[in-house]
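# predicted model, plus sequence, below.
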Amino acid sequence: MEERISKMSRWLVYLCCWLLVMCRSITSANSDQSAEIYIICMDPSHKPSSFPTHESWHGTILDSLSSSFASSSSSDGSGKKLIYSYNHALHGFSARLTPRELTEIENLPAHRATYKERYSGKLFTTRTPKFLGLDPWVGLWPASSYGGDVIIGILDTGIWPESRSFDDRGYTSVPARWKGGCENGTQFNSSLCNLKLIGARSFSKGLRASGRKISTENGDFDSPRDYMGHGTHAASTAAGSIVQNVDYFGYAKGNATGIASGARLAIYKVHWANDSDESAATDVLAGIDQAIADGVDIISISLGFDFRPYYDDVIAVGALSAVKKGIFVACAAGNDGVPNSTYNGAPWIVTVGAGTIDRRFLATMNLSKAGGSAEQEDVFSLKGTSYYPRGPYTSNAPLFYGKSDRKKAQCLGSSLDPAAVKGKVILCDLTDQTDIYGRINEVNRTGAKAAIFLTTETTTNMDPSDYYNPIVVITSGGDTDSLRNYAVKETNPMVKQLRFRVTGLGAKPAPRVASFSSRGPDPITPTVLKPDIMAPGKDILAAWVPNKSFVRIGKKGLATNYAIFSGTSMASPHVAGVAALLKSVHRDWTPAAIRSAIMTTATTLDSANSTITDEWTNWPATPLDFGAGHVNPNAAMDPGLIYDMKFNDYVQFLCTLRYTRKQMAAVYREGQYLNCRSSSVDNLNYPSFMAVFTKGSNNINGSSMVKRFTRVVTNVGAVEAVYRAVVESPDGMMIRVVPETLTFTQRNQKMRFWLTMQVDEDAWKLKPVAYGFVKWVDQHNHCVSSPICDFPYHKANNCWVLMR
C-alpha cells in the first residue's frame, strides 16, 4: 500500500512539474508574441564596479527581469537575449522585451531613454575627380598625399574585396591608431583585408531578432561581403585605388579613382538584401558604435530613416557621439526630390545633396529618306540619352510613328501590332514619365528593333539597368520637335544609323541639382540649412559586384565590375572623400571646421557661369536645393575663415529646441546633464543664415520682419588679413552686418559679428522664399561665402512644413 502511495506521489510530482513547464512555455510564447525590440539608453555612471564590462552589466539586467526564464539564453535572437551592447555611439543595449519587461527597465535609476526598433532605413569614378578640379600635380591631391592614412568608415551593404579598386599595392603599414579588424563569414575571411581595406564587419542581429531574414536564399552573404553592390560603389567612390582602363560596357572609358585614393577603408555592413529592403536601427547603431571604437576619421552613411526628432533618431544620436570624438560624418540627403524632404538633417551631420556632372551617355542617330543609297545625305542627325550595353548598332530601319492614333503614338500597353513594327525603330511620345516602364514593356513585347522616346521633361530618371532594350530618350527641346515633325511629314522616314555606347564630355550646363535629390528646408529644424552641400551624384561610375547580372538583354544577364549608379548615396562618399583630403592636410581641424571649409568655398555657378539650375524644372536653384553650393575641394583647402564649433555648442543648440530633460538625455550621452544657458536657435555658429517666419511670430514688426544672428569666425588663412563684408540680397530683403570689417593679426584669432535681416512683408507675400549671400573678402583672394535664406513655415506634429 505504501509503495502504491509512493509511486502515486512521484507521478503527481512529475505531473505538476510538467504542468509548470507547460504553463511557463505558454506564458513564454504569449510574451514572445507581445515582445518587441528596443534600444535602451543607460547612464554609465550607475554601472556597479563589480561588472568588468558594460556588456556583462547589460546582460545581468536582462537576466534579472521577472520573466527572464523566457529565454536569456536564446541563440537565434528571437528571445530576450542581449542583441547589442553599445558603449561609443551611446551607452546602452538592444534587446527583445515584453511591455512588462520594458516597464521594469524604464523604472531602473540607470535608465535614460528608450528607442523602439525601426526598420524603415533605406538606401538612398572616372570623371568626377577631374570635374571637381582635382589635379595630380597641384592643389589638394598632392598636398594631402591623396588622403594618405586617413581612415574612412563606410556604413552600407558591405564590400567586394577582390575589386581592383581595393588593391593595396604601394600602401605602407596600417596606421598604429587603428583598433579594428576583419571578421570571418560566408565567402569572406580576414585574409581578404589588406593595407587598403583594413577593416570589415557585419551587423545583422537586429534584423534576425525581428524574425527577418537576410535573404541568403537570394544570394546575400552572412558576412561583410557585398551582395547588392551599393556599398562597394560607395566605398570605391570615396577612396578607391587608381584603376586603369575601366568602363561600363563601353561607356565612360578611362581610369577610375576614388576622391581620396590614398585613404584606408573600414567597412561596416548594416544593410541586407532582406524581403523589405530595410535596415534595422539596432544594426546601424551598432555599426556606428564599432566605427567609433575602431578609430575611423570619417564616416559616410548612404542610408536614412524616416523623419524623427533628434532624440528618436539613432543616426543623429550615434553621429553626435562620433563628432564628439572628432569624427566627420557625411550622410546622404535622400532621394525624394521634393521640398521639405531632407534626411539626416542634424547640424552635426554634413547632409549631402546630389548634382549632375558634365558627362552624358548617348546614342547618336542619322535619319534619311527611305530608298536612298548608303551615301545619301542625311536629313538630320541628333543625340539622345542611352545606356544600352550592346553595340555599335547600325541599321537602315524604317521609323514607325503612330501619328494617327494617340495610343500608338504614346506606345501605350497593347497598342502596337508586333507585325506592323517588326524590324522597325518605334518613335514613342511620352507626355510625362509616369508610366515610362509600361512603354518599355510594350516595346519589349513587340520585338521592335529599337525605340526612341520623346519626353516633355528636361531629364529622365531611368537607371542604366532599365535599358534592357535598345532605347534612346530625347528630352524636351528642339530635337524632340524636329524629330516628331520629321516623322509626321516624311512619307517613308528611315533611321539610317543608330549607334550606342557613346560618351559625351563637356555637357553644359553642369552641375545641375539632380531631379531626385531631396530639398530643404529640413523638416525637423528648418533654422539650419539642409542640405549643406551638393556633390556629384548622377551617373557615377564606380566599382560593382560581379556575382550577379546588372542588366538583362532578353534572357541573358550581363555582369560588370564597374557600374553607373545615381543617388545622394553616390554624393555622400564624394564629400567623405573630400573631408579625408582636408583632414590629411589639416589634422587639427574639427568636423565643424571641415564642414565650414567645404560650405564657405562652394560654388553656386555652373559651367555656363550662371546660377546652378534645377535639372527637373530648368529654373535657377536656391540654397534649399543645393545648400551652400557645389563642393570645390581645392578652394576648401584654404578657406581663409571658418565657423568652428565644439561639442558643447551642439548641446546648447539642443537646449534651444526645448526638449524635456528625458528627451535631452536621449541625445546627450554623458552621465551628467549640462545646464542650458540662455540662447537662440538662430545663433548656432553655422556657416549659413536661415530665417523662419511664422504667422503670429514676434519677428513681425509693423510692415517688416526682422531676424538677428550672431556668429564667430576663426582666421585660418594669412597671419594678417582684413576682411570686409559684401552682401548680396534680393529686393525686399535688407541685410546689415556689424562690424563691416574684421581685422586679424594672427592665425586662429576669433572675431564676432552680428547680422540683421529685415524683410519687407509685402515683398515677402509676393515671393515667400528669398535668398542672398554674405561674403567675407580679404586682400589674399579669400571669399568666405554663406547663404542667407528666409521662408514661411508652420509646424505640423513633429515636423516643420514649408508654406506655399
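Okay, I see it. All of these numbers come straight from a predicted model, not from anything done at the bench.

# what's the neighbour count on the nearest residue to residue 110 once chain neighbours are set aside?
In space, residue 110 comes closest to residue 46 once its chain neighbours are excluded; the distance is 3.5 Å by C-beta to C-beta, 6 or more residues apart in numbering. All C-beta spots, glycine's among them, are computed from the backbone N, C-alpha and C. By other C-beta atoms under 10 Å, 14 other residues sit near residue 46.

# before we move on, what about residue 605?
Neighbours around residue 605, by other C-beta under 10 Å: 13.

# just list the residues touching it, thanks.
Each residue near residue 605 by C-beta atoms under 8 Å, 6 or more residues apart in numbering is listed here: 611, 612.

# and the nearest residue to residue 57 once chain neighbours are set aside, backbone torsions?
Nearest residue to residue 57 in three dimensions, chain neighbours excluded: residue 51, at 4.1 Å (C-beta to C-beta, 6+ apart). Per-residue torsions, residue 51: phi -90, psi 120 (degrees, to the nearest 10).

# I'd say residue 51 and residue 59 touch.
No: Residue 51 is beyond contact range of residue 59, at 9.1 Å (criterion: C-beta atoms under 8 Å).

# who's more crowded, the two?
Each of residue 51 and residue 59 has its neighbours counted (other C-beta under 10 Å); residue 59 has more, 18 against 14.

# what about the strands in the stretch 251-400 of the chain?
Remark: strands of the stretch 251-400 of the chain, listed N- to C-terminal, are 251-256, 264-269, 298-301, 303-304, 328-332, 350-355, 359-369, 380-385, 397-400; assignment by DSSP state E, counting those that start in this stretch.

# adding mean neighbour count, mean pLDDT and distance to residue 36, write those strands out as TSV.
Output for the strands of the stretch 251-400 of the chain, formatted as TSV (neighbours: other C-beta atoms under 10 Å; pLDDT from 0 to 100; distance: least, C-beta to C-beta, whole Å):
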stretch	mean neighbour count	mean pLDDT	distance to residue 36
strand 251-256	19	92	45
strand 264-269	30	99	24
strand 298-301	31	98	25
strand 303-304	28	92	22
strand 328-332	32	98	27
strand 350-355	32	98	30
strand 359-369	21	87	46
strand 380-385	17	85	47
strand 397-400	20	92	57
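
# wait, what's in contact with the residue positioned nearest the centre of the chain?
Per C-alpha atoms, centre = their mean, the C-alpha nearest to the average position across the chain is that of residue 332, at 1.8 Å. By C-beta under 8 Å, 6+ apart, residue 332 lies in contact with 124, 301-304, 343-344, 351-352, 567-569, 571-572.

# 6 Å - rerun?
Residues in contact with residue 332, defined by C-beta atoms under 6 Å, 6 or more residues apart in numbering, are 124, 302, 568, 569, 572.

# so for the second one, what's the nearest residue that isn't a sequence neighbour?
If you skip the residues right next to it in sequence, residue 302 has residue 569 as its closest partner in space, 3.5 Å away by C-beta to C-beta, 6+ apart.

# thought that neighbour was touching residue 301?
No: look at residue 569 against residue 301 with C-beta atoms under 6 Å: they stay out of range, at 9.3 Å.

# which of the contacts of residue 332 sits closest to residue 134?
Nearest to residue 134 among the contacts of residue 332: residue 572, at 17.5 Å, using C-beta to C-beta.

# residue 341 versus that closest one, what's the distance?
From residue 572 over to residue 341 the distance is 16 Å, taken as C-beta to C-beta, to the nearest Å.

# which one's more surrounded, those two?
More neighbours surround residue 572 than the other of residue 572 and residue 341, with 34 against 19 (other C-beta under 10 Å).

# the more buried one belongs to a strand, doesn't it?
No: per DSSP: H, G, I helix; E, B strand; the rest coil, residue 572 lies outside any strand segment and is helix.

# point out where the stretch 151-300 of the chain drops to low pLDDT.
Counting by pLDDT under 70, the stretch 151-300 of the chain shows low-confidence ranges at 216-218.

# quick one: the helices in it?
205-209, 230-239, 281-294 (DSSP state H, counting those that start in this stretch).

# pick the most buried one from the ones you listed.
Stretch with highest mean neighbour count among the helices of the stretch 151-300 of the chain: helix 230-239 (a mean of 32; mean count of other C-beta atoms under 10 Å).

# so which other helices or strands are in contact with that helix?
With contacts defined as 3 or more C-beta pairs under 6 Å, 6 or more residues apart in numbering; DSSP states H and E, helix 230-239 has these neighbours: strand 151-156, strand 540-543, helix 568-585.

# any chance of those in CSV, with distance to residue 660 too?
Formatted as CSV, the helices and strands packed on helix 230-239 follow (distance: least, C-beta to C-beta, whole Å):
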stretch, distance to residue 660
strand 151-156, 30
strand 540-543, 43
helix 568-585, 32
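
# which one of those lies nearest to residue 792?
Closest among the helices and strands packed on helix 230-239, using C-beta to C-beta: helix 568-585, at 26.1 Å.

# that closest one: what's the following helix or strand?
Past helix 568-585, further along toward the C-terminus, the next helix or strand under DSSP states H and E is helix 591-600.

# what does that following helix contact?
Contacts with helix 591-600, where a contact means C-beta under 6 Å, 6+ apart, come from 323, 328, 350, 532-533, 579, 582, 628, 631, 636, 639, 642-645, 687, 784-785.

# try stretch 647-667
Taking C-beta under 6 Å, 6+ apart as the rule, stretch 647-667 contacts 41, 112-113, 310-311, 317, 324, 348, 668, 674, 676, 679, 681, 684.

# give me the buried positions along it.
Going by neighbour count (16 or more other C-beta atoms under 10 Å), the buried part of stretch 647-667 is 647, 649-657, 659, 663-667.

# which of the contacts of residue 332 ranks first by neighbour count?
Neighbour counts for the contacts of residue 332 (other C-beta under 10 Å) peak at residue 572, which has 34 neighbours.

# so what's that residue up against?
300, 302, 330, 331, 332, 352.

# including distance to residue 360, could those residues go into TSV?
Below are the contacts of residue 572 laid out as TSV (distance: C-beta to C-beta, whole Å):
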residue	distance to residue 360
300	27
302	24
330	27
331	28
332	23
352	23
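
# let me know the closest of those to residue 750.
Nearest to residue 750 among the contacts of residue 572: residue 330, at 25.9 Å, using C-beta to C-beta.

# residue boundaries of the strands in the stretch 501-650 of the chain?
In the stretch 501-650 of the chain, the strands defined using DSSP E, counting those that start in this stretch lie at 533-536, 540-543, 551-553, 556-558, 562-565, 641-642.

# mean neighbour count, those: which tops it?
strand 533-536 (a mean of 32).

# against which helices or strands is it packed?
strand 350-355, helix 568-585.

# how about CSV for these, with distance to residue 289 added?
Compiled in CSV, the helices and strands packed on strand 533-536 are given as follows (distance: least, C-beta to C-beta, whole Å):
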stretch, distance to residue 289
strand 350-355, 20
helix 568-585, 19
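
# right, and those - which one's nearest residue 154?
Nearest of those to residue 154, taken as C-beta to C-beta: helix 568-585 at 7.1 Å.

# for that closest one, buried residues please.
Those would be 568-584, for helix 568-585 by 16+ other C-beta under 10 Å.

# please save the CA atoms from it in CSV.
The C-alpha trace of helix 568-585 is given here as CSV (Å, rounded to 0.1, in the frame of the first residue of the first chain):
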residue,chain,number,x,y,z
THR,A,568,22.6,61.0,-53.0
SER,A,569,24.1,57.7,-51.9
MET,A,570,26.8,58.5,-54.5
ALA,A,571,27.1,62.1,-53.4
SER,A,572,27.8,61.4,-49.8
PRO,A,573,31.0,59.4,-50.4
HIS,A,574,32.3,62.2,-52.6
VAL,A,575,32.1,64.6,-49.7
ALA,A,576,33.5,61.9,-47.3
GLY,A,577,36.5,61.7,-49.7
VAL,A,578,37.0,65.5,-49.8
ALA,A,579,36.8,65.5,-46.0
ALA,A,580,39.5,62.9,-45.9
LEU,A,581,41.7,65.0,-48.1
LEU,A,582,41.2,68.1,-45.9
LYS,A,583,41.8,66.0,-42.7
SER,A,584,45.1,64.9,-44.1
VAL,A,585,46.2,68.5,-44.7
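
# right, I'll call it a day here.
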